[in-house]
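Peer 1: structure, please.
(chains A and B)
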Amino acid sequence: MSNSFYREIINEHNLRPIHKHILPRAGLSHRGINPSCGDDITLQLTIKDGVIAEGAYVGDGCAISQASADMMLDLIIGRTPEEALRLADIFLRMIKGKVTDNEVEELEEAGSLQDISHMPARVKCAVLAWHTLEKILEAEDP
Amino acid sequence: MAEMNIREDFPIFRDNPSLVYLDNAATTQKPSCVIEAVRHFYECDNANPLRGLYDLAQRATAVYEDSREAVAEFIGAAGPEEIVFTRNASESLNLVAYSYGTFLKEGDEILISVMEHHSNLIPWQQLAARSGAVLKFIECGIDGRITEEAFRAAFSSRTKIVSMTQISNVLGIRNDIRTFARLAHEAGAVFVCDGAQSVPHIPVNVQDLDVDFLAFSGHKMLAPMGIGVLYGKKALLEKMPPFLTGGEMIEYVTREGATWAELPHKFEAGTVNAAGAVGLKTAIEYYRKVGFDAIQKREEELSELAFDVLSRVPHLHIMGGNTAKEHNGIFSFSLDGVHPHDIAEILNADGVCIRAGHHCAQVLMQHMNVPSTVRASLAFYNREEDILRLSQSLSTVRRRMGYVE
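Peer 2: Got it, this is the predicted structure:
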């Protein structure tokens, strides 16, 4: 991560995460693991009246995996599951380097991980939370 | 040792003078003589060895078999028929587990240490599952030491195979193979030694250690990837069934069956990696030229320096022994509050190549209660400067990750 401004955003979410805690009465829970490097997160969500009312995560892993989860929750809490899945699709495309500037804007702070597209070894770390989000919401879909 | 001359032998350093390569336990760089030898084989001696009757094929066979003799001599085997060429140490260990493993029965025990690399663990786990044998573990202390008591505690009258690494790829500690092989033999078990981390760094003599099998990889000792060695005592190899079957490993074939070729060809099915074998022979000649005494002395000096400077980096914790001597050039460590992958990324930005993760030794990591670590591993061609650049970069990691000190 060459750009120090983006590095600071990631450090901040890693060292002082907002959403890293247990949600005692979460409706949905899913664990995501990167077996090769050991990143491990459990994502919890509660959906109420058609929107993601609450969300949190717990886990261990590198700064990128943990900060990515925190920034993702910042972005999706208060949105509908469909909207969250649309943003996850943008994020995953951003990591593959197939995204427009306007789309990156929509990701807010999570857009700071755009550089990861040039770091193949860290891709798994960045996308862990987002793949876990897809799993949790797709399982929920009737 | 004339350090500058050594560096010049390695094209990768000639072309990237600032490269700090400290992942030698994963694979070493290759000197030009090895690269040239492989090239020369394909340019001048290339034919399918062991079969053709024309001059070129005989030459290919001769250089391949010369390489086998060079390996036999290098590790003190009784003869070249005790040397089986494989792809790497993993394949060598799988060969023993599959082939010698056919002699195991339900209730027999296989004994390995907790510090084994997955390549010396999974083949035995699988053998246990196939045969109904039981896989048991020898524990090590927090410093990585395996005591004779720990060995005896895990051993039983049902133990048929003991397999152990000579040097741990995570802790760098050296196990007393001669003693453990003797204890195994006294109770009638065979002893398999994983030499992947030891053969490239210390003189290893199979008759002196009295091991029944020794596995190692060429690519960790300056040779190309894709050539490895299994040493086995002739009497054992002779009674073992083939591992892979097919071409070049048979004597006589009918519709109903086949008889097996003589040692070591019985264990070398299909076209062999002759160029790789020639590369390994050339690497052995290079070791001879530099000299093991000089290599060991140099690696000990570098190891002392690395242990010293790493010990001074605040918040850094080295796994295993408390002295440089216990590490044999391999240092796994953690840095408070920073995940190993983040450390590796920052070091990469500073041009320092180290490894992060579980180092294919998850059982050891569980035993030591650490999820993953960073590992720096040395070779004789490293410079003092490489180690200082490592420690300087490490000293800045916490600040760059947002910590105040």
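Peer 1: contacts, neighbours, all on C-alpha from now
Peer 2: Noted.
Peer 1: need the next SSE after the lowest-mean-pLDDT helix or strand in chain B, C-terminal direction.
Peer 2: Lowest by mean pLDDT, DSSP states H and E among the helices and strands of chain B is helix B:3-8, with a mean of 78. Using DSSP states H and E, the helix or strand that follows helix B:3-8 in sequence is helix B:11-15.
Peer 1: now do that next one, average pLDDT.
Peer 2: Helix B:11-15 shows an average pLDDT of 94 in the prediction.
Peer 1: check which helices and strands the helix or strand containing residue B:65 is in contact with.
Peer 2: In the assignment (DSSP H and E), residue B:65 maps to helix B:55-75. Contacts defined by 3 or more CA pairs under 8 Å, 6 or more residues apart in numbering or on different chains; DSSP states H and E place helix B:55-75 against strand B:83-86, helix B:274-290.
Peer 1: most neighbours per residue, which of these?
Peer 2: Of all the helices and strands packed on helix B:55-75, strand B:83-86 has the most neighbours on average by mean count of other CA atoms under 10 Å in any protein chain shown, namely a mean of 27.
Peer 1: list the strands paired with that strand, with their directions.
Peer 2: Sheet partners assigned to strand B:83-86 using DSSP bridges are listed as strand B:228-232 (antiparallel).
Peer 1: how close does residue A:34 sit to residue A:60?
Peer 2: 11 Å (CA to CA, to the nearest Å).
Peer 1: adding distance to residue B:146 and mean pLDDT, write the helices and strands packed on helix B:55-75 out as JSON lines.
Peer 2: Formatted as JSON lines, the helices and strands packed on helix B:55-75 follow (distance: least, CA to CA, whole Å; pLDDT from 0 to 100):
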{"stretch": "strand B:83-86", "distance to residue B:146": "29", "mean pLDDT": "98"}
{"stretch": "helix B:274-290", "distance to residue B:146": "30", "mean pLDDT": "98"}
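Peer 1: how about those in TSV, adding distance to residue B:184?
Peer 2: Conversion of these to TSV gives the following (distance: least, CA to CA, whole Å):
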stretch	distance to residue B:184
strand B:83-86	22
helix B:274-290	30
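Peer 1: so which of these is nearest residue B:172?
Peer 2: Proximity to residue B:172, assessed across these by CA to CA, is greatest for helix B:274-290 (20.8 Å).
Peer 1: list the contacts of that closest one.
Peer 2: Applying CA atoms under 8 Å, 6 or more residues apart in numbering or on different chains, the contact partners of helix B:274-290 are B:1, B:31, B:33-35, B:37-38, B:41-42, B:49, B:60, B:63-64, B:67-68, B:70-71, B:74, B:85, B:218, B:221-227.
Peer 1: so what pLDDT did the residue of chain A found nearest chain B get?
Peer 2: Closest residue of chain A to chain B, CA to the nearest CA: residue A:62 (4.7 Å). The predicted local distance difference test score for residue A:62 is 92.
Peer 1: which ones are touching it?
Peer 2: Contacts for residue A:62 (CA under 8 Å, 6+ apart) come out as A:39, A:125, B:338, B:339, B:340, B:341, B:342.
Peer 1: quick one: low-confidence parts of the chain?
Peer 2: You didn't say which chain, so I picked chain A. Filtered on pLDDT under 70, chain A yields the residue ranges A:1-3, A:141-142.
Peer 1: hmm, I had chain B in mind actually
Peer 2: Along chain B, segments meeting pLDDT under 70 span B:1-4.
Peer 1: how far does the single longest helix found in chain A sit from the chain's center?
Peer 2: In chain A, assigned by DSSP state H, the helix with the most residues is helix A:123-140. Remark: helix A:123-140 is offset 7 Å from the chain centroid, using CA atoms, centre = their mean, to the nearest Å.
Peer 1: also stretch B:98-111?
Peer 2: Distance, centroid of stretch B:98-111 to centroid of chain: 23 Å (CA atoms, centre = their mean).
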